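Peer 1: coordinates for the following, if possible.
(one chain, ligands or ions: 1)
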Amino acid sequence: MKNCNPVERLADTRHEFGEHGGVNMSVEASTTFTVMHSNTMPDIFGGKKGPDHGGCYLYGRHFNPTVYNLGKQLAALECTEAAYCTASGMSAISATLMQLCDAEDHIVSSNTVYGGTYALLHDLLPPKTKIKTTLVDITDLVAVESAITANTRVLFTESMANPTLRIADIPRLSEIAKRHNITLVVDNTFSPLILSPKKLGADIVVHSMTKFISGASDYIAGAVCADAAFIQQLMDLHTGMLMVLGPTMDPQVAFNISLRIAHLPLRMTEHGHRTQIFAERLHDMGMAVTYPGLPEHPDHALMSQLHCPDYGYGGILTLDMGTAACANELLDLLQNEYHFGYVAVSLGYFDTLMSCSGSSTSSEMTDEDKTTASISPGLVRMSIGYTGSTEQRWRQLVEALNRLGFNPK
Ligand SMILES: *Cc1c(COP(=O)(O)O)cnc(C)c1O
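Peer 2: Numbers count the residues shown, from 1 in each chain. Below is the predicted model:
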């Protein structure tokens with residue numbers, strides 16, 4: 001790939017005019033497409049002729065021009081050859097893993113993955129498909145490598161772990177994956193633009209676009225970014241996980257999300273900027289704050305080496321309040337009295353979203369798995385928004401903390 005600068009590659013995707021020369025692409029609302037020469041139908045059906053090679057669109061669950069276009073933007077963002085969008089992040093993850101693995105195959109995954117992914121690996125896949133997963137501490141490269149067996153097909157990790165904010169050493173994980181001839185899949189939901197897993201050695205990048213990429217908490221959406229051959233496999237009429245299981249993205253959703261890709265760099269910059277300020281000030285107050293942008297974070301040096309400095313260290317921090325009761329008290333004060341943000345799961349919204357991880361997004365995990373993944377009961381995850389002024393938001397946060405007896409040093 002010649003140019004691997006995501007912002008420049010994104011600009012190069014902006015040459016698609018709308019149907020009447022509009023500056024925005026058109027929304028293609030048709031579910032089926034006219035085949036002008038009926039003798040080409042067999043090749044189109046057989047996947048030999050696609051929208052980009054001599055054929056045309058066929059049916060909306062297969063390829064839709066608007067969804068296909070958003071896919072091109074995602075491929076530009078992640079520096080992959082191709083990408084395709086899905087109805088959710090979970091469908092992007094499940095389709096990818098099931099495409100790569102057959103029955104009895106094995107996955108090695110980080111033990112801190114998103115709750116839904118954990119449920120897929122731990123609860124759903126084994127009884128339904130006999131695909132087994134070994135969960136490991138992804139920062140322990142010896143543990144990762146020793147978990148690999150002759151049946152292992154996939155090494156799966158989040159670029160930035162949820163909610164521990166540990167950073168995956170993608171270059172070294174990629175070396176391990178290559179040595180064992182397995183596919184490295186990285187969920188980059190927490191760090192679009194900040195980390196470029198493909199450039200760092202990942203084979204496939206998946207996203208929940210529900211979060212930062214959409215940025216408005218109004219759509220559930222996902223994407224798989226990979227080489228064209230893998231995207232083609234996902235769309236195969238007989239064995240394609242996206243084609244046959246059918247978690248198709250709506251073209252209206254694709255259109256609306258595509259309008260937000262243009263300001264994703266601005267948004268990621270501001271999320272990172274504000275989160276860095278809050279993390280530093282919370283740290284100075286003596287709070288148990290975790291943020292990769294703090295020198296005290298165990299992966300600060302690694303992240304400094306891997307990230308794109310324009311976007312800082314991300315828009316998420318965690319605050320350990322000790323107990324679930326204290327965490328809940330803080331959340332209620334922040335939302336109901338100080339209007340600092342919302343008590344809600346999810347992240348990447350323009351306003352601040354806060355939740356207690358152990359009882360929300362990681363609640364699918366067993367207590368034992370939560371302990372090994374260091375998810376303590378009082379851990380509050382904050383996705384820092386960029387509405388209001390930084391000082392106004394900081395005042396709101398500090399006043400709530402003061403009420404609970406935490407005072408600036
Ligand atoms: C939210 C999330 C998912 C799941 O995405 P949906 O769009 O809700 O299906 C997967 N991985 C991570 C890291 C997430 O935060």
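
Peer 1: tell me the contacts of I44?
Peer 2: With contact set as C-beta atoms under 8 Å, 6 or more residues apart in numbering, I44 has these partners: 35, 50, 55-56, 58. In this view, the C-beta of every residue, glycine as well, is placed from N, C-alpha and C.

Peer 1: which phi and psi values does it adopt?
Peer 2: phi -70, psi -40 (degrees, to the nearest 10).

Peer 1: the closest residue in space to V113 that isn't next to it in sequence bridge partners, please.
Peer 2: Excluding the flanking residues, the one nearest V113 by C-beta to C-beta, 6 or more residues apart in numbering is E158, at 5.9 Å. Note on E158: beta-bridge partners D187, judged by DSSP bridges.

Peer 1: return the distance of E158 relative to the ligand.
Peer 2: E158 is 5 Å from the ligand, where distance means C-beta to the nearest ligand atom, to the nearest Å.

Peer 1: that residue against S110, yeah?
Peer 2: Yes - using C-beta atoms under 8 Å, E158 is in contact with S110, at 6.3 Å.

Peer 1: okay, and the common contacts of those two?
Peer 2: A168.

Peer 1: which residues does P6 contact?
Peer 2: Neighbouring residues of P6 by C-beta under 8 Å, 6+ apart: 76-79, 193, 196, 308.

Peer 1: the same query, at a cut-off of 10 Å, please.
Peer 2: Contacts for P6 (C-beta atoms under 10 Å, 6 or more residues apart in numbering) come out as 76-79, 192-193, 196, 198-199, 264-265, 308.

Peer 1: from these, pick the one nearest G378.
Peer 2: Nearest to G378 among the contacts of P6: P192, at 28.9 Å, using C-beta to C-beta.

Peer 1: so who does that closest one touch?
Peer 2: Counted by C-beta under 10 Å, 6+ apart, P192 has contacts 6, 74, 77-78, 159, 205, 207, 209, 211-213, 261, 264-265, 267-268, 311, 314, 348.

Peer 1: can you give the contact residues for stretch 391-409?
Peer 2: The contact list for stretch 391-409, computed with C-beta under 10 Å, 6+ apart, reads 274, 277-278, 281-282, 284-287, 319, 321, 326, 329-341, 351-352, 382, 384-389.

Peer 1: the residue nearest to V113 contacts K211, doesn't it?
Peer 2: No - here E158 lies out of contact with K211, judged by C-beta atoms under 10 Å, at a distance of 11.8 Å.

Peer 1: count residues in the vicinity of whichever residue of the stretch 201-350 of the chain sits closest to the ligand, would you?
Peer 2: In the stretch 201-350 of the chain, the residue that lies nearest the ligand is S208 (3.0 Å; C-beta to the nearest ligand atom). When neighbours are counted by other C-beta atoms under 10 Å, S208 registers 29.

Peer 1: what's the answer for H53, then?
Peer 2: Other residues near H53 number 8, with proximity taken as other C-beta under 10 Å.

Peer 1: show me the contacts for it.
Peer 2: D43.

Peer 1: could you measure from it over to the ligand?
Peer 2: To the ligand, H53 is 30 Å away according to C-beta to the nearest ligand atom.

Peer 1: hang on, the earlier thing: of the contacts of I44, which is the nearest to P298?
Peer 2: G50 (45.4 Å).

Peer 1: for the closest residue to the closest one other than its chain neighbours, give me its contacts.
Peer 2: Nearest non-adjacent residue to G50, counting by C-beta to C-beta, 6+ apart: F63, 6.8 Å away. If you count contacts by C-beta under 10 Å, 6+ apart, F63 has them with 33, 50-52, 55-57, 71, 84, 231, 235, 243.

Peer 1: now do D102
Peer 2: D102 neighbours (C-beta under 10 Å, 6+ apart): 129-131, 151, 153.

Peer 1: distance-wise, check it relative to the ligand.
Peer 2: D102 sits at a distance of 23 Å from the ligand (criterion: C-beta to the nearest ligand atom).

Peer 1: circling back: just the buried members of the contacts of F63?
Peer 2: Buried by 16 or more other C-beta atoms under 10 Å: 33, 50-51, 55-57, 71, 84, 231, 235, 243, out of the contacts of F63.

Peer 1: out of those residues, who's nearest the ligand?
Peer 2: Distance to the ligand, by C-beta to the nearest ligand atom, is smallest for Y84 among those, at 14.9 Å.

Peer 1: distance of the residue lying closest to that closest one once chain neighbours are set aside relative to E78?
Peer 2: Counting by C-beta to C-beta, 6+ apart, G71 is the residue found nearest to Y84 once chain neighbours are left out, at 4.6 Å. Note on G71: its distance to E78, by C-beta to C-beta, to the nearest Å, is 11 Å.
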